[in-house]
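> show me the folded form of this:
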Amino acid sequence: METAPQFFRQGPSLLARLVFFVLLSLLLMAADSRFKYLSEIRQALSVVIYPLQKLANVPAQIYDTASELFVSQHLTDENEYLKQRYLADRGQLQQLQALEAENIQLRKLLEATQRMESKAVMAEILHVPRDPFNHKVMLDKGSQSGIQPGQVVVDDAGVVGQITRNSPWLSEVTLITDRDHSVPVQVVRNGLRSVVSGTGKDGTLELRYVAVNTDIEEGDMLVTSGIDGVYPPGLPVALVSKIERNPTYIFARVTCTPAAGVGSHRQLLILSAMTPVTENPADTFEKSKPEDKKREKVGVR
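Numbers count the residues shown, from 1 in each chain. A predicted model of the protein is given here:
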């Protein structure tokens, strides 16, 4: 008797298969944890499947590389933009700092103008001659602005120089540091009168023909005496910075430092002739004593 062929073979049931594989897994786990039989097998399998792992990671690596490329290009563009922005901001900051310094100088000049009863004309330095032995500057005000030779030029700290030549729109100022320029001064501490002269060097003046035993000290403030009829009295001129006394010589060598910032500012004030000063800038220093004045009168006689 013939039987019909089986289209589907029937084996162990699913439950039996599950129980078998669970028991096999537990057996392998117990054997591996106790006898370490499967470690070599795992290493061998890891070597076999390593190329497959690398191949599986290729799409992720491609994606990461592309992302880094786009991010790097974005960072490069952003860095270039920030550099340009930094340079622009740096330039604006320097301009602001220059304007702030100029504003401070103008405020000081305004305060100096308010201390004077007569008018003062503000002028700006146009250029400085390149001759190192020529201590002169050119201002942007001339005879059209009422400027005449002989007028005194100051800044907020003291005397800068004197107008020596002018044209309708320009004026030449000879600085007090010029070798051919001299200013009558007196010492604030004791009222001693003398003449300070330029040395031809920036930042250096000297008192000439001062006797060795003259009462003058380092740090003494020198102001204009006003006896020449040109410089108003009481304007700061210089500070005594160094005194060299040699008994073998009749005169001492007295070196002074100008009070005014001759090369530090662009704006200056041109005073009218013999401008009286209502607030003496030297009032903060010690006034001369009566006995000093008596000693000065005795010396004059």
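> setting aside sequence neighbours, what's the nearest residue to residue 134?
residue 178 (7.7 Å; CB to CB, 6 or more residues apart in numbering). To be clear about C-beta, it is placed using only N, CA and C from the backbone, and glycine gets the same treatment.
> could you list every residue that touches the one you found?
134, 135, 136, 161, 198, 200 (CB atoms under 8 Å, 6 or more residues apart in numbering).
> figure out the helix or strand that it lives in.
Assigned by DSSP states H and E, residue 178 falls within no helix or strand.
> any idea how far residue 30 lies from residue 125?
99 Å (CB to CB, to the nearest Å).
> err, residue 194, not the other one
Distance from residue 194 to residue 125, by CB to CB: 29 Å.
> who has more neighbours, those two?
Of the pair residue 194 and residue 125, residue 194 is the one with more neighbours under other CB atoms under 10 Å, namely 19 against 16.
> ok, residue 251 - contacts?
Contacts of residue 251 by CB under 8 Å, 6+ apart are 208, 209, 210, 211, 212.
> filter those down to just the ones in strands.
208, 209, 210, 211 (DSSP state E).
> what's near enough to touch the first one?
Residues near residue 208 by CB under 8 Å, 6+ apart: 195, 197, 251.
> please tell me I have it right and the first one contacts residue 185.
Yes. Under the criterion of CB atoms under 8 Å, residue 195 makes contact with residue 185 at 6.8 Å.
> ok, the two, which is more surrounded?
A count of neighbours by other CB under 10 Å puts residue 185 above the other of residue 195 and residue 185, at 27 against 15.
> list the contacts of the residue nearest to that one when sequence neighbours are not counted.
Nearest residue to residue 185 in three dimensions, chain neighbours excluded: residue 222, at 4.3 Å (CB to CB, 6+ apart). With contact set as CB under 8 Å, 6+ apart, residue 222 has these partners: 185-188, 194, 196, 207, 236-240, 256, 259.
> any idea which element residue 222 lies in?
Per DSSP H and E: strand 221-224 holds residue 222.
> beyond that strand, next helix or strand please.
strand 236-244.
> who does that following strand pair up with?
strand 221-224 (antiparallel), strand 251-258 (antiparallel) (DSSP bridges).
> convert the C-alpha atoms of the last one to PDB, please.
Spelled out, it's strand 251-258. Taking C-alpha atoms only, strand 251-258 is exported to PDB below (Å, rounded to 0.1, in the frame of the first residue of the first chain):
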ATOM      1  CA  PHE A 251      78.600 129.200  38.300                       C
ATOM      2  CA  ALA A 252      76.700 126.000  39.000                       C
ATOM      3  CA  ARG A 253      75.200 123.900  36.200                       C
ATOM      4  CA  VAL A 254      71.500 123.700  36.700                       C
ATOM      5  CA  THR A 255      69.400 121.400  34.400                       C
ATOM      6  CA  CYS A 256      65.700 121.700  34.200                       C
ATOM      7  CA  THR A 257      62.800 119.700  32.700                       C
ATOM      8  CA  PRO A 258      60.000 121.600  30.800                       C
END
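> pLDDT averaged over it - what is it?
Across strand 251-258, the average pLDDT comes to 92.
> now that strand: buried residues?
Under the neighbour-count criterion of 16 or more other CB atoms under 10 Å, strand 251-258 has 252, 254, 255, 256, 258 buried.
> switch the residues you listed over to JSON lines; also include distance to residue 86.
Formatted as JSON lines, the buried residues of strand 251-258 follow (distance: CB to CB, whole Å):
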{"residue": "252", "distance to residue 86": "56"}
{"residue": "254", "distance to residue 86": "51"}
{"residue": "255", "distance to residue 86": "46"}
{"residue": "256", "distance to residue 86": "45"}
{"residue": "258", "distance to residue 86": "40"}
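> show me which of those residues is closest to residue 20.
Nearest to residue 20, judged by CB to CB, of those is residue 258 at 109.0 Å.
> what ranges do the helices span in the stretch 1-150 of the chain?
Ranges of helices within the stretch 1-150 of the chain are 14-35, 39-114, based on DSSP state H, counting those that start in this stretch.
> show me what the first one is packed up against.
Other elements packing on helix 14-35 under the criterion 3 or more CB pairs under 8 Å, 6 or more residues apart in numbering; DSSP states H and E are absent; no helix or strand qualifies.
> 10 Å instead, please
For helix 14-35, the packing partners by 3 or more CB pairs under 10 Å, 6 or more residues apart in numbering; DSSP states H and E come out as helix 39-114.
> so for the helix it packs on, mean pLDDT?
Average pLDDT, helix 39-114: 74.
> export only the CA atoms of stretch 205-225, formatted as CSV.
C-alpha atoms of stretch 205-225 as CSV (Å, rounded to 0.1, in the frame of the first residue of the first chain):
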residue,chain,number,x,y,z
LEU,A,205,66.5,123.4,29.7
GLU,A,206,69.2,125.0,31.8
LEU,A,207,69.7,128.0,34.1
ARG,A,208,72.8,129.8,33.1
TYR,A,209,75.0,132.1,35.2
VAL,A,210,73.7,130.8,38.5
ALA,A,211,76.2,131.3,41.3
VAL,A,212,77.4,128.2,43.1
ASN,A,213,76.1,129.4,46.5
THR,A,214,72.6,130.4,45.0
ASP,A,215,69.6,129.1,47.0
ILE,A,216,68.2,126.7,44.5
GLU,A,217,67.3,123.0,44.9
GLU,A,218,66.2,120.1,42.9
GLY,A,219,62.5,120.0,42.4
ASP,A,220,62.1,123.8,42.5
MET,A,221,59.3,125.1,40.3
LEU,A,222,60.2,127.8,37.8
VAL,A,223,57.5,130.2,36.6
THR,A,224,57.6,133.2,34.3
SER,A,225,58.6,136.4,36.1
